[in-house]
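Trainee: sequence first, then the predicted structure, then my questions.
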Protein chains: 2
Amino acid sequence: MKKITFDPVNWTYQNKTEWLCPSHQFQSPINIINDLTKPMKENGEIILRYRKKIDAIVNTGYCIQGYLKGVASINQRLFEFQQFHFHAKGEHTIDGKEFPLELHLVHQAENGQMAVIAILFEIGEENKTIDFILEHLNESEFENNVNFLSLIPKSLNYYHYLGSLTTPPLTENVEWYVLIEPMTLSKTQLECLTAIHNNNYREVQDINGRQVLKKVFYG
Amino acid sequence: MKKITFDPVNWTYQNKTEWLCPSHQFQSPINIINDLTKPMKENGEIILRYRKKIDAIVNTGYCIQGYLKGVASINQRLFEFQQFHFHAKGEHTIDGKEFPLELHLVHQAENGQMAVIAILFEIGEENKTIDFILEHLNESEFENNVNFLSLIPKSLNYYHYLGSLTTPPLTENVEWYVLIEPMTLSKTQLECLTAIHNNNYREVQDINGRQVLKKVFYG
């Protein structure tokens, strides 16, 4: 490892060429400690306007990834839907609790800002849409008889923090919205998914002083 | 320099410990090329609710910096005012044009997101508030007979992009709003300012594929 000689506290304008931007400052995923979260004051509303129709489902070599058209309004800003993909096991943990699967809904705003909505899965009832995704993997033309929205919990209450992509290039301009209500899939479904990609998750990263906010909607 | 052997394209989950987060990706300041900007579609409104009263003006050793209370609503999110400070010469350039001075209004949202409103200055009419700042440097108790808002142009049209702090630690979670309408200060005022700090600016950084948006309000 290169020894970092740059001192970020006692810097000067004379050594500008030596300035270093520390990397791995605000990385994802993280362990969310519920008791350390703060209630989010802002409106924070999430409105998902996704097409039900999945356009394509591919194996990227790193994960199962799908595409559909849609937009999300997140805290009053517009984000375009980019893609969804799965990690097994789940990447975020809540109070140290691990989840077997995590779905990421990736969005981007016109200024390049990324926003990922994360959905945690527990073992329980099977989810029909996951079967559909497994059946049509690597197909770009198929009859759509499932609703993508059935992968998303009814409650959009969430934990929110600023982080990064969880795969290289690990870019740190990502707003994370980790939904509090988990979804379920069956043990068999998880086995089918992990038969394709197992351990395609990143370990939790240091919080480095970041404040996690908690948004709970009423009514 | 350390030779970076990590390949951000052909990575694996087996070499997770070697993953590198590239630093200096989305740095500030930048040269803004007006013809390459895109009109911002979102509402994008900036509403400044600052107290007129400046609470303190200090020489940090790096710049002249001041404090006052206030909040800004930026594109429908709430940011708390943190501090203002000057760079000479200016840091952002527009179509390669340099400015002798740049004022930064630094804000932070509840999730830690930073937003800086940048105001470029040209040589012209003197600005009374700059005289006031020079007179009361390093004082924490003084009669306030100026309006801080007179440092801010009437039009809040802006260029917007995602960047970084322009001093160490160069953190990359900063939304930049560079106001298009410049303000003025007199040549004597600039000389007084640069007698305290000269060349406390950072050179423009690579745009690295970022899209700069332009927001022009009508009416």
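Mentor: Ah, there it is.
Trainee: could you find the closest non-adjacent residue to A:E125?
Mentor: Residue nearest to A:E125 in three dimensions, not counting chain neighbours: A:T184, with 4.9 Å by CB to CB, 6 or more residues apart in numbering or on different chains. Just so you know, the C-beta spots here come from the backbone N, C-alpha and C atoms, and that holds for glycine as well.
Trainee: next one: A:E181
Mentor: A:P153 (3.9 Å).
Trainee: show me what contacts A:K41?
Mentor: Contacts for A:K41 were tallied using CB atoms under 8 Å, 6 or more residues apart in numbering or on different chains; they are B:L78, B:E110.
Trainee: please read the previous query as pertaining to A:P169.
Mentor: Contacts of A:P169 (CB under 8 Å, 6+ apart): B:P8, B:C21, B:P22, B:Q25.
Trainee: relative to B:G209, which of the residues you listed is nearest.
Mentor: B:Q25 (9.4 Å; CB to CB).
Trainee: tell me how many other residues surround A:L20.
Mentor: 17 (other CB atoms under 10 Å in any protein chain shown).
Trainee: would you check that it makes contact with A:P8?
Mentor: Yes. If you go by CB atoms under 8 Å, A:L20 and A:P8 touch, sitting 7.4 Å apart.
Trainee: which strands or helices does the helix ranked longest in chain A pack on?
Mentor: Assignment by DSSP state H gives helix A:187-196 as the longest helix of chain A. Contact partners of helix A:187-196 among helices and strands, from 3 or more CB pairs under 8 Å, 6 or more residues apart in numbering or on different chains; DSSP states H and E: strand A:114-123, helix A:128-135.
Trainee: which one of those lies nearest to B:Y13?
Mentor: strand A:114-123 (18.2 Å).
Trainee: what's the angle from the closest one to helix A:128-135?
Mentor: For strand A:114-123 against helix A:128-135, the angle by axes from the mean of the first three to the mean of the last three CA atoms, to 10 degrees is 100 degrees.
Trainee: quick one: buried residues of strand A:114-123?
Mentor: Going by neighbour count (16 or more other CB atoms under 10 Å in any protein chain shown), the buried part of strand A:114-123 is A:M114, A:A115, A:V116, A:I117, A:A118, A:I119, A:L120, A:F121.
Trainee: could I get those as a markdown table with pLDDT?
Mentor: As requested, the buried residues of strand A:114-123 are exported to a markdown table (pLDDT from 0 to 100):
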| residue | pLDDT |
| --- | --- |
| A:M114 | 97 |
| A:A115 | 98 |
| A:V116 | 98 |
| A:I117 | 98 |
| A:A118 | 98 |
| A:I119 | 98 |
| A:L120 | 98 |
| A:F121 | 98 |
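Trainee: quick check, nearest of the residues you listed to A:S73?
Mentor: A:A115 (10.5 Å).
Trainee: so the closest one sits against A:A109, correct?
Mentor: Yes. Because the distance of 7.1 Å satisfies CB under 8 Å, A:A115 is recorded as touching A:A109.
Trainee: re the thing from before, now do the shared contacts for A:L20 and A:P8.
Mentor: With CB under 8 Å, 6+ apart as the test, A:L20 and A:P8 both reach B:P168.
Trainee: any idea how many residues pack against A:F6?
Mentor: Residues near A:F6, counting by other CB under 10 Å: 14.
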